[in-house]
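Colleague: got a predicted model here, sequence first, then my questions.
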Amino acid sequence: MSSIKIQNIYYMLAYAFRVLNEKGYGKIATENFNHMAELCAAILSKGISNQIKRGLGREYIRKRDSLSSPHGKMNITASVKQQSLLQKRLICEFDEFSENAYMNQILKTTAWVLIRSADVSFERKRALKKLMLYFQKIDILEPQVICWSGICYHRNNATYKMLINICYLVIHGLLLSEQTGEQKLSEYADDQSMHRLYEKFILEYYRYHYPELKASSSYIEWDMEGNMINFLPAMKTDITLQYKNDVLIIDAKYYQKTMQLNTLYDSRTLHSHNLYQIFTYVKNKEAKTVGAVSGALLYAKTDEVITPNEDYVISGNRISIKTLDLNADFSAIKMQLDELVGKFFSMKPRNELGR
């Protein structure tokens, strides 16, 4: 991947998780960060501080202990084996409503990863250490075995969502490039976390700045006869924008390489499966839609010399292949996203971030 300006990571997170636009995070937006780890430490420090003020989340945790005043489920067999009856105590199993919840364990684990990082300043480390005084009764996990897929969000823990996603970015190993103020994903970490952030940023950007558009990540029905669709893959778009009857389907791509190379002829072409995919989405959506349906592949810019920036009309549908430079000033990123929508819907953004 091409290097990504650290400040742009903040903006992407700000759109993806609107909580960063709330009062208290404003100072972070004005700071300059030389390292990704430093930015994550700043956001976590403020976010954990806010969570402590709200109260750390609690959950019921199964415990087993030797008690003189039994409660819960008494384990007589274990009590006999451990001879706890001689001390007039019983081994009991019970649920305790504790702050040693899994999400708090992830926050503490990530905080200590950042505290040990050479890329985090002394001031940030000191701030995180002070916050960890409130986590003394909370366990530290092995970062490699955190079960991210098992985390469920609901009304009582919704404030943790942004913080846990920051923890995911940290734990999955964001490494820095040699250029100051930029970073690259490490070779051992996959691009899934940044790909999801990239998709979410684009979707939320259009939701916020273009409220008249219906922006969503939606499923497309196959245009086929009969109901035998058991073996057909589901078609879910990254971003679908709809205004009245017209539709624009955007497929966000975050790859190491955006072009495929034919070494025999020294030629470069678009990845065929990406083009086939967006074309399939467009044609199947068109069959169920009254208005015009268009498509766009939006690649995150790589270090390649040649990057796609093309517009086509294929089988009567407009298909654009564009590249978004995440290392440019954010004003340039906004301009390109606005131009994309302006080309298909002839409209301008209405809202400004943070207002």
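Modeller: Thanks, I have the structure now.

Colleague: remind me which residues of the stretch 51-200 of the chain are low pLDDT?
Modeller: For the stretch 51-200 of the chain, the stretches with pLDDT under 70 are 173-192.

Colleague: and residue 193, what does it touch?
Modeller: Residue 193 sits next to 168-169, 172 when contact means C-beta atoms under 8 Å, 6 or more residues apart in numbering. Yep, even glycine has a C-beta here, placed from its N, CA and C like the rest.

Colleague: SS state for the closest residue to residue 20 other than its chain neighbours?
Modeller: Distance criterion C-beta to C-beta, 6 or more residues apart in numbering; nearest residue to residue 20, sequence neighbours excluded, is residue 14 at 4.1 Å. State at residue 14, reduced to three classes by DSSP: H, G, I helix; E, B strand; the rest coil: helix.

Colleague: same question, residue 60
Modeller: Residue 60 ends up strand, using three-state DSSP.

Colleague: can you give me the buried ones in stretch 59-77?
Modeller: Neighbour-count burial for stretch 59-77, counted by 16 or more other C-beta atoms under 10 Å, picks out 59, 72, 75.

Colleague: what's the spacing between the last one and residue 82?
Modeller: The reference is to residue 75. 9 Å (C-beta to C-beta, to the nearest Å).

Colleague: the first one too?
Modeller: Here the criterion is C-beta to C-beta. By it, residue 59 lies 28 Å from residue 82.

Colleague: secondary structure element holding the residue nearest the centre of the chain?
Modeller: Centrality entry for the chain: nearest residue to the mean C-alpha point is residue 197, 3.9 Å, by C-alpha atoms, centre = their mean. Using DSSP states H and E, residue 197 falls within helix 192-209.

Colleague: quick one: buried residues of that helix?
Modeller: By neighbour count on 16+ other C-beta under 10 Å, the buried set for helix 192-209 is 193-209.

Colleague: also stretch 286-296?
Modeller: 286, 293-296.

Colleague: now it, how far from the centre of its chain.
Modeller: 29 Å (C-alpha atoms, centre = their mean, to the nearest Å).

Colleague: CA atoms of that stretch as CSV?
Modeller: This file holds the C-alpha atoms of stretch 286-296, laid out as CSV (Å, rounded to 0.1, in the frame of the first residue of the first chain):
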residue,chain,number,x,y,z
GLU,A,286,-30.7,-2.6,-13.0
ALA,A,287,-33.2,-5.5,-13.6
LYS,A,288,-35.0,-4.5,-10.4
THR,A,289,-34.7,-0.7,-10.7
VAL,A,290,-36.7,1.9,-12.8
GLY,A,291,-33.9,4.5,-13.0
ALA,A,292,-30.3,4.4,-14.1
VAL,A,293,-27.8,2.2,-12.3
SER,A,294,-24.1,3.0,-12.4
GLY,A,295,-21.0,1.5,-10.7
ALA,A,296,-17.7,2.6,-9.4
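
Colleague: need the residues that contact it.
Modeller: By C-beta under 8 Å, 6+ apart, stretch 286-296 touches 220-221, 223, 244-251, 278-279, 281-283, 285, 317-322, 340, 344.

Colleague: change it to 6 Å
Modeller: Applying C-beta atoms under 6 Å, 6 or more residues apart in numbering, the external contacts of stretch 286-296 come out as 221, 223, 245-250, 278, 282, 285, 318-320, 344.

Colleague: which residues are in contact with residue 274?
Modeller: Residue 274 neighbours (C-beta under 6 Å, 6+ apart): residue 297.

Colleague: how many neighbours does the closest residue to residue 11 other than its chain neighbours have?
Modeller: Leaving out its chain neighbours, the residue that sits closest to residue 11 by C-beta to C-beta, 6+ apart is residue 330, at 5.1 Å. Neighbours of residue 330 under the rule other C-beta atoms under 10 Å: 15.

Colleague: I'd like to know the beta-bridge partner residues of residue 270.
Modeller: residue 259 (DSSP bridges).

Colleague: run a quick neighbour tally on it.
Modeller: So residue 270, with other C-beta under 10 Å, has 15 neighbours.

Colleague: same check on residue 249?
Modeller: Residue 249: 25 neighbours (other C-beta under 10 Å).

Colleague: SS state for it?
Modeller: strand.

Colleague: can I assume it is in contact with residue 237?
Modeller: Yes: using C-beta atoms under 6 Å, residue 249 is in contact with residue 237, at 5.2 Å.

Colleague: thinking again about what came up before, what's the closest of the buried residues of stretch 59-77 to residue 148?
Modeller: Ranked by distance to residue 148 (C-beta to C-beta), the buried residues of stretch 59-77 are led by residue 59 at 16.9 Å.

Colleague: from residue 66, how far off is that closest one?
Modeller: Taken as C-beta to C-beta, the span from residue 59 to residue 66 is 23 Å.

Colleague: how about residue 293?
Modeller: Counting by C-beta to C-beta - residue 293 and residue 66 are separated by 68 Å.

Colleague: also residue 104?
Modeller: On the measure of C-beta to C-beta, residue 104 and residue 66 end up 26 Å apart.

Colleague: now do residue 290
Modeller: Counting by C-beta to C-beta - residue 290 and residue 66 are separated by 71 Å.

Colleague: residue 98 too?
Modeller: According to C-beta to C-beta, residue 98 and residue 66 sit 18 Å apart.

Colleague: tell me the SS of residue 92?
Modeller: strand.

Colleague: who touches it in this structure?
Modeller: 67, 70, 72, 74.

Colleague: quick check: the second one touching residue 91?
Modeller: No: Residue 70 lies out of contact with residue 91 (C-beta under 6 Å); the separation is 9.0 Å.
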